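Asks: Quick one, fold the following:
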Amino acid sequence: RLCLDDLRKPATVRDVQQYILRRLDQDGPLRRQLTPETAEMLNLLHIKSGGCFLFLERVLDGVAHGLVGLREIRDIPGTLNGLYLWLCQRLFPRRLFVHIRPLLNILLASPQPLTAEQLYTIARSRDFYLGIGDFQAQMGALASLFVDGPEGSKLLFHSSFAEWLTDVKYCTQKFLCCVKDGHLSLAMSLSFRASSLSTEETCQLAYHLLNSGLHEGEPALLALWLLWTGVPALNRSRKDCSSSHTPVLVQQDVLQLLMKSGIYPATCSPDNSSTVGVHCVGGGGRIVRRALQREDSVRALLDSGISVNRRDPSDGRTLLAAAAHAGLVDVAALLLCRGADPLLNDNQGQTALTLAARQGHVGVLQMLLEWVQEQGSKSPAGQALLEHVDSEGWTALRSAAWGGHKEAVRLLLEAGAEIDGCDSDGRTALRAAAWGGHEEILLTLLDHGAEVDRSDREGRTPLIAAAYMGHKEAVEILLNAGADLNLADGDGRTALSVAALCVPSAAGGRGHGEVVSLLLERGADPEHKDRDGMTPLLLASYEGHEEVVELLLEAGADVDESSGFHPSAITPLLAAAAMGHAGTVNRLLFWGAAVDGIDGEGRTALCLASAKGSVEVVRALLDRGLDENHKDDLGWTPLHAAACEGHKSVCAILTERGSMARVGELDVEGRSPLILAAQEGHCSTVRLLLERKSPIDHRAYDGHSALSTAALQGHREIVELLMRRGADTDVRDAEGRPLLYLLVMEGRLDMATLLIEKGGVPLESKDAEGRTALHVAAWRGDLEGIELLLKYGADPNARDLDGRPPLHSVAWRGHAAAGRLLLRAKGLNVDLACKQQGATALSIAAQEGHAEIVAMLLEKGAEPDHVDRYGRSPVKVAGKQGHFTIVRLLESHGAKPFSGLIPFTPSGAPNHSYLSSIVKTQASISSGEVGVDGIPATSSPSSTSVSASCSPASTAERFHSMPASQTSSSTCHSLATVQTVPADSLNFIQQIQQHSLPRCRSRPSTLPLPGSNPASLQGRASRHNQKAVPKSSPTNEQCTFNELLDSDKPLKGLGSSGDGNYLLKSKTPYIIEDVMEKNLKQAGGVDLKWNNVMASLGVMPNQDGPIRQTKIRESPPSGYPHFHFQSHAQKEDWGGIQKTSMSPTIDLSAISPHSALHDESAFNMTTTDPQLNLKQAIKLQFEGPTSAALYKRETPL
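Replies: Predicted structure coming up:
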């Protein structure tokens, strides 16, 4: 048997893991919810799903849409039915479900999908006051339960949810839907247009009337309704009786109602027979066709030549199976006489005998058993029918026992049915009767020798099944028959354990207490622990069963018994407090439960109750003297927990007079309760904390205040409240980036507008590199951001520390539309030059090949003959890069002609010269003339193969590959950006962590290792290549851009004759670190002067072609600025540019074995338990090393 949902099977575990990984990879909103603190919840979800992909899908969809928080997964029940109840309680608070229940009733009753318009029309047939606004609000509340159907229709996401809505045992009275009410609404809607109904719609009207519950047992009144509403007769005179193609299948009672009302006359059938209406030409060429399940109708069907074993195409049932299911003795007898085969089964594997037994139709069952006895002496077919198991593992005896049909059980036993027969799951008829609480059937089966302690595949005996369902009488019968009450199932739970989990409504709200009392009287162990270390008392405390808790304590259960041997394992008081069961907490306190216990994360009962939001429990624990300022392992006090979850009432209790909770207490990341409440968007809680004098401008260790956190999360109401209370709007994070700067980077322009208009935030606030918000918007090409900032007076000529205005960013990135906006700004100076090289925006655009921007700058009056500090004009730079279209454009605006050779291009023909130059450069590199990382190639075969990245799309990539002075640092989380390890070499959780993006609550990233050279251009990863460098060649650290620019050695074989003699007069200030200056002075074998134009092409001294690094990320020209990013998406937006002075790649093999990182990086997953692997890997990946030197790591941009 193929098992799809058993987490003990490696294939199932692998499928579940791959599903979660795919969802994280493809679903951006879901990936953004993953943080170090919530990643452990994926392990819990993995376990709770039990291999059910529908469970996984619903929870992950809820997380992605913001309906479910990852931390709330611990509160979700571990069954599909429990998940549905939890979701409905979340979606429909208070009395909201009362208003949307009619819509669900209609959807459950409708035989076909409905569009929103059709649903609104049907709903208004019962409620004329339902407005379109109210309807849209109700549909919005239901949106998460819908999926799109054909032609714009709306469907419930799964059929199991539809079944759940009609089962009061699982959905409870609060969410119970009435299908009959839906049929009534559909019938009313069709009745309003009865005169124009098609044949199919006429059949639907009859069907809905019969199922609406109106006038049950009086079909004549329903027939009168059809006549009174004006439904036309079904005959050949109807316009829709022209053809017949697809049959419309109707049930027997529907056809009988149509005939009783006269809408379906005898003339509709070809043979004019009124007894067998099997053909009726109907709407749109359809046929109403269904054999009447009466003896005369079936006889006529058989006489007309229809096969006696004909199957219904919808469910695969034969005529005999349909008759057995309906309990039609005469029809079944006729079919058996005509040779019907009882062994044929339907699509669900059910035979006529199984269906009759499940429905308790004794007459048909007795007839079929007589057929079995007749076949007994002829063939084994009779016994095979008795022991037949359907697709869900049900035998006829088990079906009858489950349904409570004692007479059917007796007949089957007398016919010789195997009393302990079961399916592959091991579930017998005795277990089914115990589950249903059918006492008489239990006694009958036990009298016939049923095995009382027969367990199923999961180890559950009939006693455990009866105890779970709360059937006291059934439990007593089984105990009297000798059932062992200390037998445990596969989870280690005895009957007493599962009775503590018993659903109260299963036995009228009283069964669990009576069953527990009975089991304890018979000697059940109240301190038995299951495999999770849970005692019955712990289970009852979790569920909030006060009566059971009292009984267990009276029986001697330890009130402080924990779920494990560790002193921080959870106790009954912690369990009840975490679930908010006030009555249970009071009961445990009365029995002397210790109030000072903590769980594995350092949380007290007060912390757990505060996070749950239980006011009564919090008050009770405060009265017992619990410390309001106790901190857990994250540094959270109860006030932090309540504020983060938005429990205003709990926050009020903790901070009211007489309580000592301090509103200014900080967690391990320096966050106050106010910051957490603002971050999560709980406005009322923020207002309360402000009234309690919480420091409004306090900043966490990341530099963010409550205002900046709320603004970055998009909580407008909170931002307005904080600004009204006088919060400082000029907030900077730990790296000196202003709030406005960050909002523009994140694309939160609504928040940026709010701060500018109402908060007076400075437009010219700069980061540590001197860049303003306008620099950020220009780099991103954010038209709305640029327009917003210029509208409110941002300076378009604002310059960073290197003298670069926003226009330089646009010229570098090629954002033409953004360039147009900036060029329209008042007072813009298009000829501003950077300090280091003296390059203007025109120079940069010409170098990068952005012809449209060059044209705009020239039209604005940019100087075409501007010469930078190294004598480079826009024409010269464009010509050297092969941008001859730009050369001609510059020359047409008065620039000095290009001195090099411009290939002839016919008019209208594409210019392929630049592509040819790239191909030539690739050829020179691949031929071994140039080595990796700027090192000259040796004669060794291993050094002649170099991977170079050249394409027409990277116009200046040869220039980009050279080191340049770049002075920004990264704030990206390393896990969000570093993707250097193949996915197939990682375990499940390590792959999950690569999808984690930083949030406000994430742990700090890590810095480079001590001793790494921050000024190194190549980093540790490229140093191994130094072995191949000839003595006459400089090392990697010495091959800097400064050296190339300062060298005066001529270049051989490339460029025009005039270019090779141009020498630089002074060093260019690209790298200012002392280490790099020292390396340059010590460089041997190379003069410190070099042709600037050749250097811009990446050509090293004594080389015939440009040298390329192994890193293929673009680097900005001439020390161009970098920006900090907060998300991976922003990093891709900004082009993925690296800094030359970034920290080197960390080589774990070079780390001291005594470091914390070495120990954890060498961690080897040796266990075969995927769940343990999951937990260990998450801890390793997220918590990382504990060494103080590794608390932050820079990530390449």
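
Asks: Report the buried residues of the longest helix along the chain.
Replies: Using DSSP state H to define each element, the chain has its longest helix at helix 10-26. Judged by neighbour count using 16 or more other Cβ atoms under 10 Å, the buried positions of helix 10-26 are Thr12, Val13, Val16, Gln17, Tyr19, Ile20, Leu21, Arg23, Leu24. Placement of C-beta: from N, CA and C, glycine included.

Asks: and for the strand or helix carrying Val585, what are the contacting residues?
Replies: Assigned by DSSP states H and E, Val585 belongs to helix 582-590. Here helix 582-590 makes contact (Cβ atoms under 8 Å, 6 or more residues apart in numbering) with 540-541, 544-546, 549-550, 553, 559, 572-573, 576-577, 595, 605, 609, 614, 616-617, 620-621, 624.

Asks: now do stretch 604-619
Replies: Stretch 604-619 is contacted from outside by 573-574, 576-582, 585, 595-599, 603, 621-622, 626-628, 630, 632, 636-639, 641-642, 644-645, 647, 649-650, 653-654, using Cβ under 8 Å, 6+ apart.

Asks: if we can go back for a sec, toward the C-terminus from the helix holding Val585, list the very next helix or strand.
Replies: Moving toward the C-terminus from helix 582-590, the next element (DSSP H and E) is helix 605-612.

Asks: Mind checking what helix or strand follows that next one in sequence?
Replies: Counting by DSSP H and E, the element after helix 605-612 in chain order, helix or strand, is helix 615-623.

Asks: That following helix versus helix 582-590: what angle between them?
Replies: 20 degrees (axes from the mean of the first three to the mean of the last three Cα atoms, to 10 degrees).

Asks: in helix 615-623, what's buried?
Replies: Buried positions in helix 615-623, judged by neighbour count with 16+ other Cβ under 10 Å: Val615, Val617, Val618, Ala620, Leu621, Leu622.

Asks: what do you get for stretch 315-322?
Replies: If you call a residue buried by 16+ other Cβ under 10 Å, then stretch 315-322 has these buried ones: Arg317, Thr318, Leu319, Leu320, Ala321, Ala322.

Asks: what's next to that stretch, contact-wise?
Replies: Under the contact criterion Cβ under 8 Å, 6+ apart, stretch 315-322 has outside partners 291, 293, 298, 301, 308-312, 325, 331-332, 335-336, 340-342, 344-348, 350-352, 355.

Asks: Pull out the buried residues from those.
Replies: 291, 293, 298, 301, 308, 311-312, 325, 331-332, 335-336, 340, 342, 345-346, 350-352, 355.

Asks: among the residues you listed, which are in helices?
Replies: Val298, Leu301, His325, Val331, Ala332, Leu335, Leu336, Ala352, Leu355.

Asks: mind checking pLDDT for the fourth one?
Replies: With respect to pLDDT, Val331 scores 87.

Asks: right, and it touches Val298 too?
Replies: Yes - using Cβ atoms under 8 Å, Val331 is in contact with Val298, at 5.2 Å.

Asks: what touches both of the two?
Replies: Contact criterion Cβ under 8 Å, 6+ apart; residues shared by Val331 and Val298: Leu319, Ala323.

Asks: what domains does the record give for the chain?
Replies: Per the record, the chain has its domains at 10-76, 625-728, by automatic domain parsing.

Asks: where among these is the average confidence lowest?
Replies: Among these, domain 10-76 carries the lowest mean pLDDT (a mean of 82).

Asks: any idea whether the nearest residue to Asp425 once chain neighbours are set aside is helix, strand or coil?
Replies: Once flanking residues are discounted, Asp425 sits nearest to Arg457: 4.9 Å by Cβ to Cβ, 6 or more residues apart in numbering. Secondary structure state of Arg457, per DSSP: H, G, I helix; E, B strand; the rest coil, is coil.

Asks: list the contacts for Arg457?
Replies: Counted by Cβ under 8 Å, 6+ apart, Arg457 has contacts Ser424, Asp425, Gly426.

Asks: Now do the first one: how many residues are near it, please.
Replies: Looking back up the chat, that one is Ser424. 11 (other Cβ atoms under 10 Å).

Asks: Repeat that for the last one.
Replies: Applying other Cβ under 10 Å, we find 16 other residues in the vicinity of Gly426.

Asks: Correct me if wrong: it contacts Gly459.
Replies: No - using Cβ under 8 Å, Gly426 makes no contact with Gly459, being 9.1 Å away.

Asks: Dump the buried residues of stretch 315-322 into CSV; add secondary structure and pLDDT as well.
Replies: Converted to CSV, the buried residues of stretch 315-322 look like this (DSSP: H, G, I helix; E, B strand; the rest coil; pLDDT from 0 to 100):
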residue, secondary structure, pLDDT
Arg317, coil, 87
Thr318, strand, 88
Leu319, helix, 86
Leu320, helix, 89
Ala321, helix, 89
Ala322, helix, 88
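
Asks: ok, those residues vs Glu374, which is closest?
Replies: Leu320 (15.4 Å; Cβ to Cβ).

Asks: Could you report the separation of the closest residue to the closest one other than its chain neighbours from Ile306?
Replies: For Leu320, ignoring the flanking residues on the chain, the nearest one in space by Cβ to Cβ, 6+ apart is Ala340 at 4.1 Å. From Ala340 across to Ile306, the span is 12 Å (Cβ to Cβ, to the nearest Å).

Asks: ditto for Glu717
Replies: For Glu717 relative to Ile306 (Cβ to Cβ), the value is 70 Å.

Asks: Next: Ala123.
Replies: Separation of Ala123 from Ile306 (Cβ to Cβ) stands at 42 Å.

Asks: Tell me which of those two has more neighbours.
Replies: Taking other Cβ under 10 Å, Ala123 and Ile306 do not tie; Ala123 has more neighbours (19 against 15).

Asks: Show me what counts as buried in the helix or strand containing the more buried one.
Replies: Using DSSP H and E, Ala123 sits within helix 116-124. Residues Gln118, Leu119, Tyr120, Ile122, Ala123, Arg124 are the ones in helix 116-124 that count as buried (16+ other Cβ under 10 Å).

Asks: Quick check, pLDDT for the fifth one.
Replies: According to the prediction, Ala123 has pLDDT 91.

Asks: show me the contacts for it.
Replies: Pro102, Leu103, Ile106, Leu130, Phe135, Ser185.

Asks: Which member of the residues you listed is positioned nearest Arg872?
Replies: Among these, Phe135 lies closest to Arg872 (Cβ to Cβ), at 67.7 Å.

Asks: gap between the closest residue to Gly513 other than its chain neighbours and Gln136?
Replies: Nearest non-adjacent residue to Gly513, counting by Cβ to Cβ, 6+ apart: Glu547, 4.0 Å away. Note on Glu547: its distance to Gln136, by Cβ to Cβ, is 45 Å.

Asks: So between those two, which is more surrounded?
Replies: Glu547 (18 against 12).

Asks: Make sure that one is indeed in a helix.
Replies: Yes - using three-state DSSP, the assignment for Glu547 is a helix.

Asks: what's near enough to touch it?
Replies: Neighbouring residues of Glu547 by Cβ under 8 Å, 6+ apart: His512, Gly513, Val516.

Asks: Buried ones in the helix or strand hosting the last one, by neighbour count?
Replies: Taking DSSP H and E as the criterion, Val516 maps to helix 511-521. For helix 511-521, a neighbour-count test (16+ other Cβ under 10 Å) marks Gly511, His512, Gly513, Glu514, Val515, Val516, Ser517, Leu518, Leu519, Leu520 as buried.

Asks: That'll do, ta.
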